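1. Next input, structure requested:
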Amino acid sequence: MTTVAVMAEPPESGAVLTDLVEHDRLTPDEASELYAGMFADVCEAIDGSGAELLVNYRADEQVSSEDGTSEREVRSALDGVVDTDEVRFEVQVGSTESARAGNTITHLLEREGVRTAAVVRPTAALLGRQHIDTAAMKLRSNGVVLGPSTAGRVSYAGFAEPIDFEDAFQTPTVETLVQRATDAGLAVDFLQTIPVVERDADLSTVVSLLRARSRADRLVPTRTTAALDEFGFEVVDRDGTATVVRP
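-> Numbering: from 1, shown residues only. I've put the predicted structure just below:
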């Protein structure tokens with residue numbers, strides 16, 4: 001069984017999806033709602049797969065939390081989604097993304113002795129249980145399995161052995177992780193490209209894909225889709241460029 005850690009921020013208004021707020025796509029409260037929905041959809045997918053869900057939340061001193069502790073806020077976002085009494089919640093350790101992800105993976109593989117471990121972005125709402133299970137199968141014969149995203153990012157990074165994680169999540173993350181894996185003599189495999197929603201440029205890809213899947217009666221992340229529908233986002237052609245608009 002692969003242990004999959006979702007690297008979560010507390011969905012605090014004004015503290016998440018700040019690029020979308022700065023580009024006037026969302027208000028701080030709307031950004032918090034969308035982030036919480038994506039986080040819940042990702043955790044539900046992992047919980048419904050053959051993997052063990054670990055919610056890895058930011059330490060209180062690293063975030064601004066007005067409504068309580070970081071753990072309380074991420075737990076609240078999952079109420080009614082997963083059985084929070086059965087899910088592991090652990091604080092992240094490290095001052096950078098690379099350090100936090102690396103510490104989590106190394107601890108799971110070396111201290112807890114799990115066979116395989118992965119980290120996942122909570123903004124990868126289109127990451128489904130089938131992706132999680134496919135990655136677990138690939139990790140049986142590969143040291144590293146990555147879910148590429150847009151702009152050189154990754155949505156999923158799974159490991160059967162630790163690598164050198166210092167600055168390993170620097171942009172372009174997918175290239176950096178592959179370089180570290182091959183430097184360690186590990187075979188690498190990939191999932192399909194799975195977009196994340198973190199920046200203004202991400203919206204046109206995800207909104208269009210979710211609307212298309214909904215119209216085709218295909219599976220979609222329900223909370224993420226509902227939030228984007230509520231905001232009224234649509235993708236239109238503006239001088240040959242896909243552009244997101246809202247009423």
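
2. Kindly export the top helix by length along the chain (C-alpha atoms) in PDB.
-> Ranked by residue count and defined by DSSP state H, the top helix of the chain is helix 28-47. What follows is helix 28-47, C-alpha atoms only, in PDB (Å, rounded to 0.1, in the frame of the first residue of the first chain):
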ATOM      1  CA  PRO A  28     -10.300  36.000  -0.900                       C
ATOM      2  CA  ASP A  29     -13.400  34.200   0.400                       C
ATOM      3  CA  GLU A  30     -14.100  32.600  -3.000                       C
ATOM      4  CA  ALA A  31     -10.400  31.500  -3.200                       C
ATOM      5  CA  SER A  32     -10.800  29.800   0.200                       C
ATOM      6  CA  GLU A  33     -14.000  28.000  -1.000                       C
ATOM      7  CA  LEU A  34     -12.400  26.800  -4.200                       C
ATOM      8  CA  TYR A  35      -9.200  25.600  -2.400                       C
ATOM      9  CA  ALA A  36     -11.200  23.800   0.300                       C
ATOM     10  CA  GLY A  37     -13.300  22.100  -2.500                       C
ATOM     11  CA  MET A  38     -10.200  20.900  -4.400                       C
ATOM     12  CA  PHE A  39      -8.500  19.700  -1.200                       C
ATOM     13  CA  ALA A  40     -11.700  17.700  -0.200                       C
ATOM     14  CA  ASP A  41     -12.000  16.200  -3.700                       C
ATOM     15  CA  VAL A  42      -8.300  15.100  -3.700                       C
ATOM     16  CA  CYS A  43      -8.600  13.600  -0.200                       C
ATOM     17  CA  GLU A  44     -11.800  11.800  -1.200                       C
ATOM     18  CA  ALA A  45     -10.100  10.300  -4.200                       C
ATOM     19  CA  ILE A  46      -7.200   9.000  -2.200                       C
ATOM     20  CA  ASP A  47      -9.400   7.700   0.500                       C
END
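
3. Give the buried residues for it.
-> 28, 30-47 (16 or more other C-beta atoms under 10 Å). C-betas here are computed from N, CA, C, even on glycine.

4. Please apply the same query to stretch 48-56.
-> Buried, per 16+ other C-beta under 10 Å, within stretch 48-56: Ser49, Ala51, Glu52, Leu53, Leu54, Val55, Asn56.

5. any idea how far Thr243 lies from Thr224?
-> 20 Å (C-beta to C-beta, to the nearest Å).
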